[in-house]
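> Coordinates for the following, if possible.
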Amino acid sequence: MARRVRQSREESSRAPRVGEAPAPALYLLDRDAARQIDRRASQEFGIPTIVLMENAAVHVAETALEELEGVRDPLLLIVCGPGNNGGDGLAVARHLSNAGVDTRIVVLGDAEDLRGDAAVQLNACRKMKLRILYTGENGVIAIDGVLTDADGKARKPQVVVDALFGTGLSRPVEGVGAELIAAMNELGRRGAHVLSVDVPSGLDANSGAALGAVVRADTTVTFVGLKPGLLSFDAQGFVGDVVVADIGAPRSLVEEVGTPVAESEPEPEPEHAPLKRGRSEDPRPRERSGPRPRSARRRDE
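Have a look, this model is predicted:
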């Protein structure tokens, strides 16, 4: 597994200790920049895209395992789309299964809908005999089926991994996809920790706008750099805790296509006016810094 180094905003503001390398800068990557990194890492640097997918999956799996720490007989559900985001999720399923977690998979559509790296990951999961159900036209019935044991007992997952739609989504989510998002949100309301891969499904990665139904994540593990939509004010009810994972994309390429993010200083505690007439809040207006995730941290290899 990758070296688990996570950096919070507070940690990033301190000077490096003697002998310690400073943390690399964070970068903003919009939809086009993220696509460029995948394509150019392969074409110009000879890094197969499936290698980046594997590295991404390791970080997501590690984050999921943190949430399952101390849980007896854990159950995890992964909901995968037919694209590369779903391929990430299928790779996550392999790693978690190898870690001893009962991992169940739901795939939007049918097996034949997956292509490229996602199809490779699906084939590996099938050969590992992981439990996979396809929605076809049946929608959330697949989720009910995959969470029901052979004895007919329905089980509740402790963690739900959202690998349905990634940064490429640019149109409203409808039909079975919207049903799957609603089902994941319902599992979240019932106590499951919802972990989104790259961006919460249904969220526009560039603007942060809701494209119809949107997953309400407790944690978002995003790859290479922050997506602009994760920082938008409107997205803050969906993104949860944000982890930025280094997946091995060449640093020179990230610096070329990305936009550096200025690290924010911790916000000072607000000064409160004396209590008056039962009011406990300072009535004076306060300046607001730009919207940002509830917490942003970096996970480096």
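> Wasn't residue 181 part of a helix?
Yes - Residue 181: assigned to a helix according to DSSP: H, G, I helix; E, B strand; the rest coil.
> ok, and the closest non-adjacent residue to it?
residue 213 (4.1 Å; C-beta to C-beta, 6 or more residues apart in numbering). For the C-beta atoms, the positions are set from N, CA and C on the backbone; glycine is no exception.
> State the phi and psi torsions of that neighbour.
phi -70, psi 140 (degrees, to the nearest 10).
> do residue 252 as well
Residue torsions, per degrees, to the nearest 10, at residue 252 are phi -60, psi -40.
> Compute the number of surrounding residues for it.
Residues near residue 252, counting by other C-beta atoms under 10 Å, number 9.
> could you pull out the strands for the stretch 201-301 of the chain?
219-223, 241-245, 259-260, 295-300 (DSSP state E, counting those that start in this stretch).
> follow-up on the earlier one: and the residue nearest to residue 181, how close does it get to residue 136?
Taking C-beta to C-beta, to the nearest Å as the measure, residue 213 falls 19 Å from residue 136.
> for residue 217, same thing?
26 Å.
> quick one: which of those two has more around it?
residue 217 (28 against 14).
> which one is the more buried one nearest to, not counting chain neighbours?
Going by C-beta to C-beta, 6+ apart, residue 217 has residue 196 as its nearest residue, at 3.9 Å.
> right, and that neighbour touches residue 214 too?
No - using C-beta atoms under 8 Å, residue 196 is not in contact with residue 214; the gap is 9.8 Å.
> neighbour-wise, which of these two wins?
Neighbour tally, residue 196 and residue 214, criterion other C-beta under 10 Å: the higher count belongs to residue 196, 32 against 26.
> Just want the phi and psi numbers for the more buried one.
phi -100, psi 140.
> quick one, what contacts it?
By C-beta atoms under 8 Å, 6 or more residues apart in numbering, the contact set of residue 196 is 161, 162, 215, 217, 219, 220, 221, 239, 240.
> Roughly how far does the spatially closest residue to the third one that is not a sequence neighbour sit from residue 47?
In space, and not counting its chain neighbours, residue 215 is closest to residue 200: 4.2 Å by C-beta to C-beta, 6+ apart. Taking C-beta to C-beta as the criterion, residue 200 is separated from residue 47 by 27 Å.
> more crowded one of the two?
A count of neighbours by other C-beta under 10 Å puts residue 200 above the other of residue 200 and residue 47, at 28 against 20.
> Name all residues that make contact with the more buried one.
162, 214, 215, 216, 217, 220, 235, 238, 239.
> ok, 10 Å please
162, 164-165, 181, 184, 194, 210, 214-217, 220, 229-230, 235, 237-240 (C-beta atoms under 10 Å, 6 or more residues apart in numbering).
> Over to residue 122?
Counted by C-beta under 10 Å, 6+ apart, residue 122 has contacts 80, 82, 86-87, 90-91, 93, 105, 107, 111, 113-114, 130, 132, 134.
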